Every structure is written in C-alpha cells, then in structure tokens.
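Asks: I'd like to go over a predicted model; first the sequence, then the structure.
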Amino acid sequence: MKDAKNKNIDKIIFPELSYIIVGAAYEVYNNIGGGHKESVYQKALFEVFKSLNLSVQEQVPYIVNFKDKTIGKNYIDYLVENKIDVEIKSNDRFSKKYFDQVLNYLIVSNFKLGILLVFGREGVRFKRILNIDLIKKKNRSN
C-alpha cells in the first residue's frame, strides 16, 4: 500500500514548489484577511515570494497572434521559478472562466502547471490546473 502511495506522489507535478506557493497564499490571507481588491493580494503575495527567495516574474506578457499578425497581449499574474503559472482572483468562488483562463495561459506558454488562487471573505482556496496535453506529449517522448 505504501508503494502505491509513493508512486502517486511521484506523478504530482512540482509538489514542493506548489506547497510553497499555496503556503504563501495562506500567509497573505492570514495577515490581511478577505475582501480586498485583487491588486492588494498580488502585491502582498509578491512580497511573500520575495521573502522566500523564489524566482518570480510578475505580469508576464504573452502575445496573441492571428494569421501572422499580433492582435493582442495577455498577462500571466506570476511565473514562479519559470515553472508554475500563478493566477490570483478576488472572489468567493471559483468560476469556469477562471479555469479556462489559466488553462489557456498554460497552453500558449507551454507550461505544465498553473495554480489558481481565489481570495474570498471566508478564506483562500486553490486549484492546481494541469496542461494534460503537454504532460502526455512529454511522457510519450521519454
């Protein structure tokens, strides 16, 4: 039984870094509480990431092209250790729109994992979102 459990742990994408990111979100919430604008949580989370000596890029742009023309630009809230897309929302619940946004960011940027953090009045919640197609493709090439 223990071996099966360890085998599943090995399949988790970036478990230690995910744990640190989620812990940082709880630190922010425990210090400032709920009900703030998204930008407040972004600034506070960035401060925690810096204090943890994480490599973090904020508001990372990616270009949207259509027929070889640039038609827009979107921004990833945070790219942590050049591995995980972290998106922040200030709301009391998850929305399909949020999941779709993170998955789209993962697909266009070729990252395996995104973490959606939702800061609400009652607490902070998170979801790990995987770029399954990319993970399957990389597993087939190994």
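Replies: It's in.
Asks: what does the average pLDDT come to for stretch 90-98?
Replies: Predicted confidence along stretch 90-98 averages 90 (mean pLDDT).
Asks: ranges for the strands of this protein?
Replies: Assigned strands in the chain, in chain order: 56-66, 69-80, 84-90, 113-119, 124-130 (criterion: DSSP state E).
Asks: from the ones you listed, which stretch is densest packed?
Replies: When the strands of the chain are scored by mean count of other CB atoms under 10 Å, the highest mean neighbour count falls to strand 113-119 (a mean of 24). Backbone N, C-alpha and C define where each C-beta goes, glycine included.
Asks: lowest-confidence helix or strand of this structure?
Replies: helix 2-11 (a mean of 49; mean pLDDT, DSSP states H and E).
Asks: about what we covered before: I'd like the strands of the chain laid out as CSV, including distance to Tyr19.
Replies: Rendered in CSV, the data for these read as follows (distance: least, CB to CB, whole Å):
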stretch, distance to Tyr19
strand 56-66, 16
strand 69-80, 12
strand 84-90, 11
strand 113-119, 11
strand 124-130, 11
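Asks: Give me the distance between Lys127 and Arg93.
Replies: As judged by CB to CB, to the nearest Å, Lys127 and Arg93 stand 11 Å apart.
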